[in-house]
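Enquirer: I would like to see how this sequence folds:
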Amino acid sequence: MKRLFHITVAIFLAAAGAAHGQRTSESGAHWPQWRGPSHTGVARGDAPVKWDDSTNVRWKIEIPGRGFSTPVIWGDRIFLTTAVPTGKGSAPAPAEGGSGRGAGGGAAVGEEQRFEVMAIDRRSGKVVWQRTATTAVPHEGYH
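Expert: Numbering: from 1, shown residues only. Just a heads-up that it's a prediction; the model follows:
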């Protein structure tokens, strides 16, 4: 799952890099919401034809925890969120015959998480800052 997240971030960065390199106005420097500046999910420019772990990848970093939010690009910063287990709390056993999934269920239900916000330098991939927004037990696990 972590590999899938890294691949998703790398694809997003490549698409956003194409948009950044071909912007025609200041508004093109930002990818502020889900599906990008034009709400289409399409970046300006051509996508790479060849793709693997080292071809057409500027940099890679490991993101702690589990994060599935839409990254936001503002100028030369990438902002993203992730949930990092603290190791506190425990998942209650599912009800007789149940899987533990569904409303209030899911994997890691009852486990405390540190909800982190990260800023990453878009050119180098270095973490500029990382802050804990809150630490809490989510109302349900992840799915």
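Enquirer: Below-threshold pLDDT in the protein: ranges please.
Expert: 1-28, 90-106, 142-143 (pLDDT under 70).
Enquirer: Select the longest strand from it.
Expert: strand 77-89 (DSSP state E).
Enquirer: Partner strands of the helix or strand following that strand and their direction?
Expert: Next along the chain after strand 77-89, taking DSSP states H and E as the criterion, comes strand 111-121. Take DSSP bridges as the rule and strand 111-121 pairs in its sheet with strand 77-89 (antiparallel), strand 127-136 (antiparallel).
Enquirer: need those strands in TSV with mean neighbour count and distance to Asp53, can you?
Expert: Using the backbone N, CA and C atoms, a C-beta is placed for each residue, glycine as well. Listed next are the strands paired with strand 111-121 as TSV, based on neighbours: other CB atoms under 10 Å; distance: least, CB to CB, whole Å:
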stretch	mean neighbour count	distance to Asp53
strand 77-89	16	20
strand 127-136	11	21
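Enquirer: mind putting the ones you listed in TSV, distance to Ala43 included?
Expert: Formatted as TSV, the strands paired with strand 111-121 follow (distance: least, CB to CB, whole Å):
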stretch	distance to Ala43
strand 77-89	14
strand 127-136	22
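Enquirer: how about those, which one is nearest Pro32?
Expert: strand 77-89 (9.6 Å; CB to CB).
Enquirer: re earlier: so for Pro37, which of the strands paired with strand 111-121 sits nearest?
Expert: Once these are compared by CB to CB, strand 77-89 is nearest, at 14.5 Å.
Enquirer: picking up where we left off before, for the longest strand of the chain, C-alpha coordinates in PDB please.
Expert: C-alpha atoms of strand 77-89 as PDB (Å, rounded to 0.1, in the frame of the first residue of the first chain):
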ATOM      1  CA  ARG A  77       5.800  23.800  -2.100                       C
ATOM      2  CA  ILE A  78       3.800  20.600  -2.000                       C
ATOM      3  CA  PHE A  79       1.500  20.200   1.000                       C
ATOM      4  CA  LEU A  80       0.000  16.900   2.000                       C
ATOM      5  CA  THR A  81      -1.500  15.100   5.000                       C
ATOM      6  CA  THR A  82      -0.900  11.700   6.500                       C
ATOM      7  CA  ALA A  83      -2.000   9.700   9.500                       C
ATOM      8  CA  VAL A  84       0.700   8.100  11.600                       C
ATOM      9  CA  PRO A  85      -0.200   5.400  14.100                       C
ATOM     10  CA  THR A  86       1.100   6.200  17.600                       C
ATOM     11  CA  GLY A  87       0.900   2.600  18.800                       C
ATOM     12  CA  LYS A  88      -1.700   3.500  21.500                       C
ATOM     13  CA  GLY A  89      -5.200   2.000  21.500                       C
END
